[in-house]
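Asks: Fold the following for me, if possible:
(chains A and B)
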2 protein chains.
Amino acid sequence: MPVIVQKYGGSSVADVEKIRRIAKQVCATKADGNDVVVVVSAMGKTTNELLALTRELTETPPRRELDMLLTVGERITTALLSIAIHVEGYDAVSLTGSQCGILTNDQHSNARIVEVRPVRVEDELRHGKIVIVAGFQGMSYKREITTLGRGGTDTTAVALAAALGAEHCEIYSDVDGVYSADPNQVSQTVHLPVVSYEEMQEMAQAGAKVLKSDAVEFAKRAGIAIYARASFSPGRETIVRKDIPAEYHGVRAVVQERQVALVSFLGTAVTERCLDILGVVEQSITPIKELRLHCPERQVSWARGSFVVSTSTLPDWQRARGALLEAGGAEIEIKDGLATLSLIGVGINRDARNVIRAMQEMTRIDAPIYGLSTSGFRISFVTNESVLDDAVAGMHRLFIESDNR
Amino acid sequence: MPVIVQKYGGSSVADVEKIRRIAKQVCATKADGNDVVVVVSAMGKTTNELLALTRELTETPPRRELDMLLTVGERITTALLSIAIHVEGYDAVSLTGSQCGILTNDQHSNARIVEVRPVRVEDELRHGKIVIVAGFQGMSYKREITTLGRGGTDTTAVALAAALGAEHCEIYSDVDGVYSADPNQVSQTVHLPVVSYEEMQEMAQAGAKVLKSDAVEFAKRAGIAIYARASFSPGRETIVRKDIPAEYHGVRAVVQERQVALVSFLGTAVTERCLDILGVVEQSITPIKELRLHCPERQVSWARGSFVVSTSTLPDWQRARGALLEAGGAEIEIKDGLATLSLIGVGINRDARNVIRAMQEMTRIDAPIYGLSTSGFRISFVTNESVLDDAVAGMHRLFIESDNR
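Replies: Numbers count the residues shown, from 1 in each chain, chains lettered A, B, ... in the order given. Reported below is the predicted structural model:
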């Protein structure tokens, strides 16, 4: 029997009524003759409510304890969804990340899945049960409960799909897939029916919230397609898969990230200094290795001696910032209030045409360029957050609205 | 270093402010030179809130899934208390029941602890940490998460204390120990500074809410004293221990239980019929073995062919009642609207004097006696719930207010 893994995010399971609707949808998939594994997030505001409780105690809770606390959110959803499925007359069993064999490193609050041993999941499927899995969590080799960080439920779903040899993985949220830009911001956005793994990963790293890069990596390695769909409005979807037709090559999306800082090293012995300073930071904050250092062309970036930090996802940023300035003295410069704008697409950099057109557009709208980096699938600019909206609209007009379809 | 186990119930950890106060108290015990293990319940209303969510789906959720859901309540408290202790400058680690090695049978929603392997707890204590344990939960030999039923957090605390060879176990709640009757009901109650294990167990089985009989059993077997104290008003306490001074022998408490039913077998082949019917019930409801069959003098009760059921603690009672009536036909009679009244004390039945005085009092206040059972520590009557208050007041006046002190 084919195995299908479905993932439902927080807004899809925000209340009992929605959980009931999801239960019917899950049972329909089971009735179609599939083995079904469902991975869920915490209900709507649960995580924020739990965080509010800790904030009454301290702004800097031990990350291990925070993981113990936050993982209950997904546990509540799994049990309720399992109960709702029983009400529909199907047999279901809820499992924690550790019961599913999601093994991680011990980086609390931002753990990485190192292995998936879904023995228990396979057993339950064999007994005809629908398996409901708590996303976003795992167990470290020290047998500690860990969380996977933002977007971790997607990673759980895709990693499980890969380990189970699933047909494909369905990611349900409140949007029906991936667009050429944020539809809340740009009016003429285009829906993308198919996106390559690499494009999706670049979009995620460039700040798109649809799917986490880690999750796509698991799909890529296992060759499993991801279907991104809207929970309650069937119809359009985006398929993330290996090869995409040639007609889809070129600039396909404009992705932005707000609240970033640019850290530049001005000294002569830049490379060694970088490492020293990163050493200091590493001691002062836990997840330095996960800082999302946006310097994909690593050598180039280091030679230039600067990197981009996503400050909005980093609760400890102010502390890290202080440590960097203290260690670096006059040799370091940190510029805040910035944003990144990225163009994504297969073959985007086969020649310099797209980079030149993009730089001309930045100049036209008076958007300063503090940094530029490129990869086979991406062109990124660092600019002022204040001009970001104009720049995104301009790039979307230039590359999508006029070029595409 | 002596190990002290402390247990804090739901009202003691009802909000973050109370958790902060408990944290200070725990740290003080640690600072006094003890290894400290703290067992906690879910915060105030958490369990009821979670149950309300399931009730939106069904009145009869699968017990396994209910356990998955309800155990998160204690998890939230452990993590918050651990964070609060870190804020006080001490090192703490929160553990789930399964991480503590609390192994149970697989009777979901009413599991029994079969073994405690506190390896992880001992390790953490050795590293100088205060260990915070989620009460009321364990792991079955099938590696499923189970709950211990009402009062289970006490059982967790005492079982852990026994397994760790603790100095003693401190149970904190909103009352400062055990009284000669419910102080909310009887005005002239007497505080009991010391109570024997057996008296405490009889009181629990007779309906007192202070300490569960299971919990006392663990203390009795390990020879550990239990100190029952009020969380936020130090002072009086009740010590539950092996021997109590001779001056405390005699009737020491009047204990009641409301909402009980009396099931009577009227047929000739009573004993076999009982077993048949219990077999039927066993299939129709899960926790029949835990029905709290109040027939301590087992042979006598069976010969009499009747037993008492505590209906208030049995969500499935209406279903079980139907099954019993269906199976028993004319040979069974079930009487509802009853209550039990029990007199507890060491040596209470050395002669028949107390039983006779008690029966005279029941007659004086026109309280019918549907059943009578006695043990070395207890005299129990089954009567109408409507006359319970008068009967309790009368017995307390007769045996405590006039006899004691």
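
Asks: So, low pLDDT: which residues of the stretch 151-300 of chain A?
Replies: Across the stretch 151-300 of chain A, the ranges flagged by pLDDT under 70 are A:266-300.

Asks: what does chain A have sitting close to chain B?
Replies: Residues of chain A lying near chain B by Cβ under 8 Å from any Cβ of the partner chain: A:16-17, A:19-20, A:50, A:53-54, A:56-58, A:61-62, A:64-66, A:68-69, A:71-72, A:75-76, A:78-80, A:82-84, A:86-87, A:92-94, A:96, A:99, A:120, A:143, A:145. In short, each C-beta sits where N, CA and C put it, glycine included.

Asks: count of residues packed around the nearest residue to residue A:97 once chain neighbours are set aside?
Replies: Distances taken as Cβ to Cβ, 6 or more residues apart in numbering or on different chains place residue A:137 nearest to residue A:97, at 3.6 Å, with adjacent residues excluded. If you count neighbours by other Cβ atoms under 10 Å in any protein chain shown, residue A:137 ends up with 27.

Asks: Buried ones among the residues of chain A next to chain B?
Replies: Buried subset of the residues of chain A next to chain B (neighbour count, 16 or more other Cβ atoms under 10 Å in any protein chain shown): A:16, A:19-20, A:50, A:53-54, A:57, A:61-62, A:64-66, A:68-69, A:71-72, A:75-76, A:78-80, A:82-84, A:86-87, A:92-94, A:96, A:99, A:120, A:145.

Asks: Can you tell me which of those residues end up in helices?
Replies: A:16, A:19-20, A:50, A:53-54, A:64-66, A:68-69, A:72, A:75-76, A:78-80, A:82-84, A:86-87, A:120 (DSSP state H).

Asks: which ones are touching residue A:94?
Replies: Applying Cβ atoms under 8 Å, 6 or more residues apart in numbering or on different chains, we find residue A:94 in contact with A:75, A:78, A:79, A:81, A:82, A:132, A:133, A:134, B:65, B:68.

Asks: Greatest separation within these: which pair is it?
Replies: Greatest spacing in those, by Cβ to Cβ: A:133 and B:65 (13.6 Å).

Asks: host element of residue A:339?
Replies: Under the criterion of DSSP states H and E, residue A:339 resides in strand A:332-344.

Asks: repeat for residue A:24
Replies: With DSSP H and E as the test, residue A:24 turns up in helix A:16-31.

Asks: Identify the residues contacting that helix?
Replies: Residues contacting helix A:16-31 (Cβ under 8 Å, 6+ apart): A:4, A:6, A:8, A:12-13, A:36, A:38, A:43, A:77, A:80-81, A:84-85, A:87-90, A:130, A:231-232, B:53, B:56-57.

Asks: avg pLDDT for the following helix or strand past that helix?
Replies: Of the helices and strands lying after helix A:16-31 in sequence (DSSP H and E), the nearest is strand A:35-40. On average, the pLDDT along strand A:35-40 is 98.

Asks: Sheet-wise, list the partners of strand A:35-40 with their directions.
Replies: Taking DSSP bridges as the criterion, strand A:35-40 sits next to strand A:3-8 (parallel), strand A:130-134 (parallel) in its sheet.

Asks: How far off centre is the longest one?
Replies: Think strand A:3-8. Put simply, strand A:3-8 sits 17 Å off its chain's centre (Cα atoms, centre = their mean, to the nearest Å).

Asks: Please report the distance of the spatially closest residue to residue A:127 that is not a sequence neighbour from residue B:67.
Replies: Distances taken as Cβ to Cβ, 6+ apart place residue A:91 nearest to residue A:127, at 7.9 Å, with adjacent residues excluded. Separation of residue A:91 from residue B:67 (Cβ to Cβ, to the nearest Å) stands at 17 Å.

Asks: My guess is residue A:3 contacts residue A:163. True?
Replies: No - contact criterion Cβ atoms under 8 Å: residue A:3 and residue A:163 do not qualify, at 10.2 Å.

Asks: Spit out the contact partners of the closest residue to residue A:238 other than its chain neighbours.
Replies: The shortest distance from residue A:238 to any non-neighbouring residue, by Cβ to Cβ, 6+ apart, is to residue A:177 (3.0 Å). Under the criterion of Cβ under 8 Å, 6+ apart, the neighbours of residue A:177 are A:191, A:192, A:193, A:210, A:228, A:229, A:230, A:236, A:237, A:238.

Asks: So what touches stretch A:329-342?
Replies: Contact with stretch A:329-342 is made by A:202-203, A:206-207, A:254-267, A:273, A:277, A:294, A:308, A:311, A:321, A:324-325, A:370, A:378-386, A:388, A:391-392, A:395, as judged by Cβ under 8 Å, 6+ apart.

Asks: typo on my end, it should be stretch A:193-204
Replies: Contacts of stretch A:193-204 (Cβ under 8 Å, 6+ apart): A:151, A:177-178, A:210-213, A:216-217, A:219-220, A:226, A:236-245, A:248, A:252-253, A:255, A:342, A:344-346, A:375-378.

Asks: Please check these and keep the buried ones.
Replies: Buried members of those, counted by 16+ other Cβ under 10 Å: A:151, A:177-178, A:210-213, A:216-217, A:219-220, A:226, A:237-241, A:244, A:248, A:252-253, A:255, A:342, A:344-346, A:375, A:377-378.

Asks: buried set for the helix holding residue A:24?
Replies: Those would be A:16, A:18, A:19, A:20, A:22, A:23, A:25, A:26, A:27, A:29, A:30, for helix A:16-31 by 16+ other Cβ under 10 Å.

Asks: Stretch A:37-56 too?
Replies: Using 16+ other Cβ under 10 Å as the test for burial, stretch A:37-56 gives A:37-44, A:46-47, A:50, A:53-54.

Asks: So what's the gap between it and the chain middle?
Replies: 17 Å.

Asks: ends of that stretch, how far apart?
Replies: End-to-end distance for stretch A:37-56: 37 Å, by Cα to Cα, to the nearest Å.

Asks: Residue A:379 touches residue A:357, doesn't it?
Replies: No - between residue A:379 and residue A:357 there is no contact under Cβ under 8 Å: 9.8 Å.

Asks: who's more crowded, these two?
Replies: residue A:379 (25 against 16).

Asks: So in terms of bridging, what pairs with the more buried one?
Replies: Here residue A:379, judged by DSSP bridges, has bridge partners residue A:343, residue A:374.

Asks: before we move on, the earlier item: tabulate the buried residues of helix A:16-31 (TSV), appending pLDDT and distance to residue B:168.
Replies: As requested, these are arranged in TSV below (pLDDT from 0 to 100; distance: Cβ to Cβ, whole Å):
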residue	pLDDT	distance to residue B:168
A:16	96	44
A:18	97	49
A:19	97	45
A:20	97	49
A:22	97	49
A:23	98	48
A:25	96	54
A:26	98	50
A:27	98	52
A:29	96	55
A:30	97	53
